[in-house]
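Chemist: Got a sequence here, can you model it:
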Amino acid sequence: MAAHDWQVGLLSEMPPEGKVGISAVCILGYNVNRGQEISLRLRTDDWRGFRKYLRIRETLVHELAHMVFDEHDANFKQLNSELLKEVAAHEAAAAAGTRTLVDTGVFGGDWLGENAADSAAAPVPAQGRRLGGDRPIERTAHGVRQSAAAAALVRWQQQQQQQQECQQLQQQQMTRDTGPFARL
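Modeler: Residues are numbered from 1 along each chain as shown. Model (predicted):
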């Protein structure tokens with residue numbers, strides 16, 4: 001998005017209303033005011049699962065093409081095809097381990113890999129960052145298991161604390177209702 005100087009104010013999920021291929025009106029996404037909001041239909045029609053990643057990605061790219069062209073004309077289709085190629089090239093490079101999110105928030109190397117020699121001259125350190133956090137990502141299976149266990153423990157502790165607070169509130173309510181000044 002930075003290469004195209006695009007910004008999206010809000011990326012949201014839209015409910016699966018209508019049945020794809022059956023209902024008269026059924027969309028997989030929409031773009032409001034060229035990026036003020038992009039909403040995508042992530043869930044299946046029966047709400048039991050999620051749509052396939054590639055279909056969601058295609059829909060997102062389609063909505064990003066609406067950042068430039070409103071109508072589905074030849075210019076729109078050309079841009080949509082170019083964006084799909086860019087995304088495919090980026091994902092192939094990411095799968096090969098040649099693209100990482102660095103501390104500056106930019107992807108290492110260039111978007112399409114056209115300047116591979118320049119990228120090789122100044123390698124990007126392979127250190128990822130968790131979005132919304134400042135701790136390095138642990139990439140080992142043991143680290144993933146530890147992180148999952150720690151997150152489960154935190155959720156359990158929060159649930160226990162909420163249950164205790166709820167019980168305390170119920171006890172306070174009961175003492176107010178049964179105290180010497182309680183209404184008969």
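
Chemist: give me the low-pLDDT residue ranges for this structure?
Modeler: 98-142, 176-184 (pLDDT under 70).

Chemist: could you pull out the helices for it?
Modeler: When assigned using DSSP state H, the helices of the chain occupy the ranges 53-65, 74-95, 116-121, 141-178.

Chemist: JSON lines please, covering these and showing distance to residue 10 and mean neighbour count.
Modeler: In this view, the C-beta of every residue, glycine as well, is placed from N, C-alpha and C. Below are the helices of the chain laid out as JSON lines (distance: least, CB to CB, whole Å; neighbours: other CB atoms under 10 Å):
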{"stretch": "helix 53-65", "distance to residue 10": "12", "mean neighbour count": "17"}
{"stretch": "helix 74-95", "distance to residue 10": "20", "mean neighbour count": "14"}
{"stretch": "helix 116-121", "distance to residue 10": "33", "mean neighbour count": "11"}
{"stretch": "helix 141-178", "distance to residue 10": "26", "mean neighbour count": "10"}
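
Chemist: okay if I get those helices as JSON lines plus distance to residue 2?
Modeler: Shown next, in JSON lines, are the helices of the chain (distance: least, CB to CB, whole Å):
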{"stretch": "helix 53-65", "distance to residue 2": "12"}
{"stretch": "helix 74-95", "distance to residue 2": "12"}
{"stretch": "helix 116-121", "distance to residue 2": "17"}
{"stretch": "helix 141-178", "distance to residue 2": "29"}
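
Chemist: To residue 44, which of the ones you listed lies closest?
Modeler: helix 53-65 (10.5 Å; CB to CB).

Chemist: angle of that closest one against helix 74-95?
Modeler: 130 degrees (axes from the mean of the first three to the mean of the last three CA atoms, to 10 degrees).

Chemist: Distance of residue 66 relative to residue 32?
Modeler: With the distance defined as CB to CB, to the nearest Å, residue 66 ends up 9 Å from residue 32.

Chemist: between those two, who's got more neighbours?
Modeler: Of the pair residue 66 and residue 32, residue 66 is the one with more neighbours under other CB atoms under 10 Å, namely 20 against 15.

Chemist: quick one, what contacts that one?
Modeler: 31, 34, 76 (CB atoms under 8 Å, 6 or more residues apart in numbering).

Chemist: how close does it get to residue 34?
Modeler: From residue 66 to residue 34 the distance is 7 Å (CB to CB).

Chemist: what do you get for residue 19?
Modeler: Taken as CB to CB, the span from residue 19 to residue 34 is 29 Å.

Chemist: More neighbours: which of these two?
Modeler: Neighbour comparison, residue 19 and residue 34: the larger count goes to residue 34, with 15 against 10 (by other CB under 10 Å).

Chemist: Not counting its neighbours along the chain, what's nearest that one?
Modeler: residue 67 (5.1 Å; CB to CB, 6 or more residues apart in numbering).
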